[in-house]
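Asks: need a structure here:
(one chain, ligands or ions: 1)
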Amino acid sequence: VVEIGTPERAIITTCAYCGVGCSFKAEMRGDELVRMVPHKDGKANRGHSCVKGRFAWGYATHKDRILNPMIRDKITDPWQEVSWDEAMRFTADRMKGLIEKHGRQSVGVITSSRCTNEETYLVQKLTRAVFLNNNTDTCARVCHSPTGYGLGQTFGTSAGTQDFDSVEQSDVVMIIGANPTDGHPVFASRLKKRLRKGAKLIVVDPRRTDIVEGPHVKAAHHLPLRPGTNVAIVTAIAHVIVTEGLMDEEFIRTRCDWDEFQDYAEFVADEKNSPEAVEELTGVKAQTVREAARLYATGGNGAIYYGLGVTEHSQGSTTVIGIANLAMLTGNIGKPGVGVNPLRGQNNVQGSCDMGSFPHELPGYRHVKNDDVRDLFQNAWGVKIDNEPGLRIPNMLDAAVEGTFKGLYCQGEDILQSDPDTHHVAAGLAAMECVIVHDLFLNETANYAHVFLPGSTFLEKDGTFTNAERRINRVRKVMAPKNGYGDWEVTQMLANAMGANWNYAHPSQIMDEIALLTPSFAGVSFERLDELGSIQWPCNEATPEGTPTMHIGAFVRGKGKFIRTEYVATDEKTGPRFPLLLTTGRILSQYNVGAQTRRTANVIWHDQDVLEIHPHDAENRGIHEGDYVRLTSRAGETTLRATLTDRVSPGVVYTTFHHPDTQANVVTTDYSDWATNCPEYKVTAVQIAPSNGP
Ligand code: SF4
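Replies: All right, here's what the predicted structure looks like:
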């Protein structure tokens with residue numbers, strides 16, 4: 001029992017873990033944070049929270065935090081602590097030297113979906129207005145970039161269509177490739193509450209997660225597909241809806257392009273797309289697919305929620321398109337209780353994408369080739385903006401190995417641990433001449449860095465995060481930055497050290513600039529956020545209080561666009577050497593690579609990654625519960641403890657990726673989504689064997 005005493009005041013802020021974006025009261029005694037209490041007026045969480053938001057904030061004062069800038073000439077040299085001025089001089093000289101010697105395309109940035117909108121906006125501005133290229137990418141590349149592409153193509157914008165309240169009006173909910181109980185716990189609670197009141201649930205997932213069958217919930221249908229066959233399943237569902245005449249024809253005629261629909265309908269109606277034809281491929285009984293399709297199409301308001309089990313595939317974008325097709329086919333778009341909703345993994349994935357972090361888009365999802373948009377930003381920033389898309393994260397690493405990409409500013413992202421094919425990432429980083437890591441801790445990527453700039457936690461920041469329902473929430477400073485500067489100030493110092501003349505005095509001024517240049521944020525300001533509590537974009541003159549439901553009456557792009565979804569097998573094949581398929585996910589108490597959650601005092605965080613194996617596969621290999629197993633793929637190998645469970649089907653194994661000693665991404669491949677290069681984390685051909693330990 002810990003005595004916390006009586007709090008004297010509370011500051012309302014937003015959780016920095018998952019994309020639910022729960023609102024909290026940070027209760028203070030003097031300058032000390034004593035407790036995080038879920039805020040009952042928070043519109044995303046309505047007074048609820050999970051263990052991470054409530055208890056896992058101790059990392060902010062953890063002894064491992066680096067509080068002073070450090071530099072070194074070579075990565076084999078010891079770190080040298082320096083002043084901020086010296087760190088900026090060193091960094092600016094290196095980056096300018098690389099640009100002079102190798103050209104402006106030789107440097108770039110990777111920003112993080114953990115950062116605020118204002119920080120993210122400044123980092124992409126640094127790239128475009130100071131480095132003078134579009135080599136800016138975000139860790140959303142490795143999670144929801146296919147959402148950006150797929151929803152952009154079909155609906156016209158990259159965002160979930162509903163607010164979380166909407167689930168209370170759903171009659172049928174389909175969860176595809178997501179495990180909300182662990183990944184988005186507060187949304188899962190709201191969903192379960194609705195299910196207890198009679199809504200029906202369909203789950204498409206290789207694993208029998210708790211949402212399929214767990215406390216207080218049992219899905220009407222579970223489609224335990226073979227990893228990598230999402231497109232075949234989603235198209236088979238569409239086949240049933242089209243061939244059994246379960247479509248909402250009036251919606252399609254009035255809201256969608258009819259010619260494109262006819263072409264799509266002809267494609268899905270082909271017998272090769274029937275549930276029977278793909279049963280062997282997907283491993284899901286045709287009758288289950290038919291019953292699920294009928295339920296979704298005829299069960300009332302149908303809402304789809306999906307996660308990284310959809311996007312992190314070689315056909316991630318195609319599956320997102322297929323999901324949008326399902327919603328349009330059944331008229332499940334443009335009103336409460338329906339829609340297509342990506343469950344964003346990190347707190348500000350939505351905002352990171354909104355703010356122009358992708359190398360082809362300026363803030364507000366506007367392509368860099370658009371002359372009018374470039375003119376708008378050029379006039380505001382007083383520079384010429386490159387009209388060619390820049391490098392994505394994997395392109396940067398490839399170019400580094402080839403010798404043409406030399407300098408990287410990496411803010412809030414441990415790419416060595418979190419990106420696929422660790423050996424390739426390491427080779428790319430090792431080949432660069434200036435790697436700047438801006439982070440809280442000396443992470444794995446920092447082993448290859450020449451500059452370490454200390455970052456600040458969400459408790460030390462003013463700004464905004466945008467959650468999975470497009471809700472812009474205020475993040476308020478609870479304590480002074482322990483490193484002396486907020487992250488936006490560090491980016492501003494670097495820009496100015498390289499010759500810019502930025503004079504932002506507070507993040508609210510950055511938001512004012514965002515609002516001025518981005519129509520969907522035109523009505524957003526810190527004052528309005530204080531007044532309304534939060535705002536869902538688009539927010540402008542037409543919708544001054546924001547937009548809970550999108551695409552009412554018309555899609556953002558005008559008519560909804562149906563697109564064929566041809567299944568193409570991944571190049572990652574099983575065979576005699578690698579006969580099993582590995583897929584990955586999270587547990588409730590941990591978060592991504594665990595940099596924060598592992599640095600809290602509570603013992604529940606001190607678990608380990610384990611490998612789930614079906615008892616048949618374990619028995620065939622002489623593996624018992626708790627044994628060490630060696631997990632090998634074409635990319636590499638690692639060692640984990642085994643747990644035997646029929647949550648996974650025979651032929652499939654599953655693990656989490658929270659612990660650096662396990663390094664699950666040593667085994668994942670560099671295959672990626674055809675449209676966006678989002679890595680195919682969810683499908684790796686592997687072999688397992690008993691081991692004596694790491
Ligand atoms: Fe934080 Fe997500 Fe948990 Fe809410 S559900 S407290 S946003 S981690």
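
Asks: burial of the residue nearest to Val568 when sequence neighbours are not counted, as a residue count?
Replies: Spatial nearest neighbour of Val568, excluding adjacent residues (CB to CB, 6 or more residues apart in numbering): Gln315 at 6.1 Å. To be clear about C-beta, it is placed using only N, CA and C from the backbone, and glycine gets the same treatment. Around Gln315 there are 28 other residues, counting by other CB atoms under 10 Å.

Asks: give me every residue that touches Gln315.
Replies: For Gln315, the contacting residues are 230-231, 567-568, 570, 673-674, taking CB atoms under 8 Å, 6 or more residues apart in numbering as the criterion.

Asks: Now tabulate those in TSV and tack on neighbour count and secondary structure.
Replies: Rendered in TSV, the data for the contacts of Gln315 read as follows (neighbours: other CB atoms under 10 Å; DSSP: H, G, I helix; E, B strand; the rest coil):
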residue	neighbour count	secondary structure
Asn230	31	helix
Val231	26	helix
Tyr567	22	coil
Val568	12	coil
Thr570	19	coil
Asp673	24	coil
Trp674	16	coil
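
Asks: which of the residues you listed come close to the ligand?
Replies: Checking those against the ligand by CB under 6 Å from any ligand atom, not one of them is in range.

Asks: Closest one of those residues to Gln417?
Replies: Within the contacts of Gln315, proximity to Gln417 (CB to CB) peaks at Asp673, which comes in at 20.8 Å.

Asks: and the spatially closest residue to the closest one that is not a sequence neighbour, how many neighbours does it have?
Replies: The shortest distance from Asp673 to any residue other than its chain neighbours is 4.1 Å, reached at Gly316 (CB to CB, 6+ apart). Other residues within reach of Gly316 by the criterion other CB under 10 Å amount to 33.

Asks: Run through the residues that contact Gly316.
Replies: When the contact criterion is CB under 8 Å, 6+ apart, the partners of Gly316 are 145-146, 150, 310, 673, 675-676, 678, 680.

Asks: Most widely separated two among those?
Replies: In the contacts of Gly316, the most distant members under the criterion CB to CB are Gly150 and Glu680, with 15.7 Å between them.

Asks: So between these two, which is more surrounded?
Replies: In this comparison of Gly150 against Glu680, neighbours counted by other CB under 10 Å, the higher total goes to Gly150 at 31 against 24.

Asks: Contact partners for that one?
Replies: Residues touching Gly150, when contacts are defined by CB under 8 Å, 6+ apart, comprise 316-321, 323-324, 675.

Asks: buried stuff in the lengthiest helix in the chain?
Replies: Ranked by number of residues, the top helix in the chain under DSSP state H is helix 84-102. Going by neighbour count (16 or more other CB atoms under 10 Å), the buried part of helix 84-102 is 84, 87-88, 90-92, 94-96, 98-99, 102.

Asks: Just the closest of these to the ligand, please.
Replies: Checking these against the ligand with CB to the nearest ligand atom, the nearest one is Trp84 at 31.3 Å.

Asks: Correct me if wrong: Val425 contacts Ile415.
Replies: Yes. With contact defined as CB atoms under 8 Å, Val425 reaches Ile415; the gap is 5.8 Å.

Asks: The ligand contacts on this protein?
Replies: When proximity is defined by CB under 6 Å from any ligand atom, the chain lies next to the ligand at 15, 17-18, 20-22, 45, 49-50, 52-53, 184-186.

Asks: and with 8 Å instead?
Replies: Residues of the chain found near the ligand (CB under 8 Å from any ligand atom) are 14-22, 24, 38, 44-45, 48-54, 184-187, 347, 467, 591.

Asks: if we can go back for a sec, with pLDDT added, can I get the contacts of Gln315 in JSON lines?
Replies: JSON lines is the format used below for the contacts of Gln315 (pLDDT from 0 to 100):
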{"residue": "Asn230", "pLDDT": "97"}
{"residue": "Val231", "pLDDT": "98"}
{"residue": "Tyr567", "pLDDT": "97"}
{"residue": "Val568", "pLDDT": "95"}
{"residue": "Thr570", "pLDDT": "92"}
{"residue": "Asp673", "pLDDT": "90"}
{"residue": "Trp674", "pLDDT": "90"}
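
Asks: show me where pLDDT drops low in the stretch 351-500 of the chain?
Replies: Nowhere does the stretch 351-500 of the chain drop to pLDDT under 70.

Asks: Show me what residue of it gets nearest to the ligand.
Replies: Proximity of the stretch 351-500 of the chain to the ligand (CB to the nearest ligand atom) peaks at Asn467, 7.6 Å away.

Asks: Next up, the contacts around that residue.
Replies: Here Asn467 is in contact with 19-21, 44, 344, 347, 350, 473 (criterion: CB under 8 Å, 6+ apart).

Asks: Go through the residues you listed and flag the one the model is least confident about.
Replies: Lowest-confidence member of the contacts of Asn467: Arg344, scoring 79 (pLDDT).

Asks: which SSE is the residue nearest to that one when sequence neighbours are not counted in?
Replies: Nearest non-adjacent residue to Arg344, counting by CB to CB, 6+ apart: Gly19, 3.0 Å away. Using DSSP states H and E, Gly19 sits in no helix or strand.

Asks: Show the contacting residues for Gly19.
Replies: When the contact criterion is CB under 8 Å, 6+ apart, the partners of Gly19 are 184, 343-350, 467-468.

Asks: ok, now which ones touch the closest residue to Thr655 other than its chain neighbours?
Replies: The shortest distance from Thr655 to any residue that is not its chain neighbour, by CB to CB, 6+ apart, is 4.8 Å, and that residue is Leu611. Contact partners of Leu611, counting by CB under 8 Å, 6+ apart, are 629, 631, 640-643, 653-655, 688.

Asks: that's a strand at Leu611, yeah?
Replies: Yes. According to DSSP: H, G, I helix; E, B strand; the rest coil, the state of Leu611 is that of a strand.

Asks: How about the contacts made by Tyr409?
Replies: 95, 107-110, 123, 126, 436, 438, 494.

Asks: so how far is the helix or strand that contains it off the chain centroid?
Replies: Mapping Tyr409 onto the secondary structure by DSSP H and E places it in strand 407-411. Here the centre of mass of C-alpha atoms in strand 407-411, compared against the chain's by CA atoms, centre = their mean, to the nearest Å, lies 19 Å away.

Asks: export that strand as PDB, just CAs?
Replies: Listed in PDB are the C-alpha atoms of strand 407-411, where the atom choice follows Å, rounded to 0.1, in the frame of the first residue of the first chain:
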ATOM      1  CA  GLY A 407      21.900  11.500 -42.300                       C
ATOM      2  CA  LEU A 408      18.800  10.700 -40.200                       C
ATOM      3  CA  TYR A 409      16.900  12.600 -37.500                       C
ATOM      4  CA  CYS A 410      14.900   9.900 -35.700                       C
ATOM      5  CA  GLN A 411      12.400  11.300 -33.200                       C
END
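
Asks: Please parse the protein into its domains.
Replies: 9-61, 70-139+351-536, 145-342, 580-691 (automatic domain parsing).

Asks: What score does Glu312 have for pLDDT?
Replies: With respect to pLDDT, Glu312 scores 88.

Asks: Now for it: which residues touch it?
Replies: Taking CB under 8 Å, 6+ apart, we find Glu312 in contact with 142-143, 673, 678-682.

Asks: Out of those, which comes closest to Thr543?
Replies: Nearest to Thr543 among the contacts of Glu312: Cys143, at 27.9 Å, using CB to CB.

Asks: Could you tell me how many residues sit around that closest one?
Replies: Taking other CB under 10 Å as the criterion, the count of residues near Cys143 is 27.

Asks: in the stretch 301-450 of the chain, which spans are strands?
Replies: Assignment of strands within the stretch 301-450 of the chain using DSSP state E, counting those that start in this stretch yields the ranges 302-306, 339-342, 361-362, 366-367, 407-411, 434-439.
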